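> sequence and predicted structure, then a few things I'm wondering about:
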Amino acid sequence: MSVELKPCPFCGSEAELRETDDIVGVCCLNVECGAVVTFAGFTDSGGIDPESAWNRRTQA
């Protein structure tokens, strides 16, 4: 299930989920901002849900 990501909390730009073999991250698409939250050791069978972690943040 894919969850729509909230905008970057720092600049308000669109964010994107990116995955490699052992790291999942949510990245701001604004190259001037470049905020990234990574989750090393993520597995599809369990672990951290990166979309929910990115969206669960509190308002500033």
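Perfect, I can see it now.
> show me what the host helix or strand of Thr38 is packed against.
Element membership of Thr38 [criterion: DSSP states H and E] is strand 36-40. Judged by 3 or more C-beta pairs under 8 Å, 6 or more residues apart in numbering; DSSP states H and E, strand 36-40 is in contact with strand 23-28, helix 50-55. (Each C-beta comes from the backbone N, C-alpha and C, glycine too.)
> for this structure, which spans come out with low pLDDT?
Low-confidence segments of the chain, defined by pLDDT under 70: 1-3, 40-48, 58-60.
> quick one: the strand holding Thr38 to chain centroid distance?
When distances are taken as C-alpha atoms, centre = their mean, to the nearest Å, strand 36-40 is centred 7 Å away from the chain's centroid.
> ok, and what's touching that strand?
22-28, 47-48, 50, 53-54 (C-beta atoms under 8 Å, 6 or more residues apart in numbering).
> what bridges to the residue positioned nearest the centre of the chain?
With distances taken as C-alpha atoms, centre = their mean, Val26 lies nearest the centre of the chain, 2.3 Å away. Per DSSP bridges, the residues bridged to Val26 are Leu17, Val37.
> ok, now which ones touch it?
5, 15-18, 36-37, 50-51, 53-54.
> list buried residues within those residues.
Buried by 16 or more other C-beta atoms under 10 Å: 5, 15, 50-51, 54, out of these.
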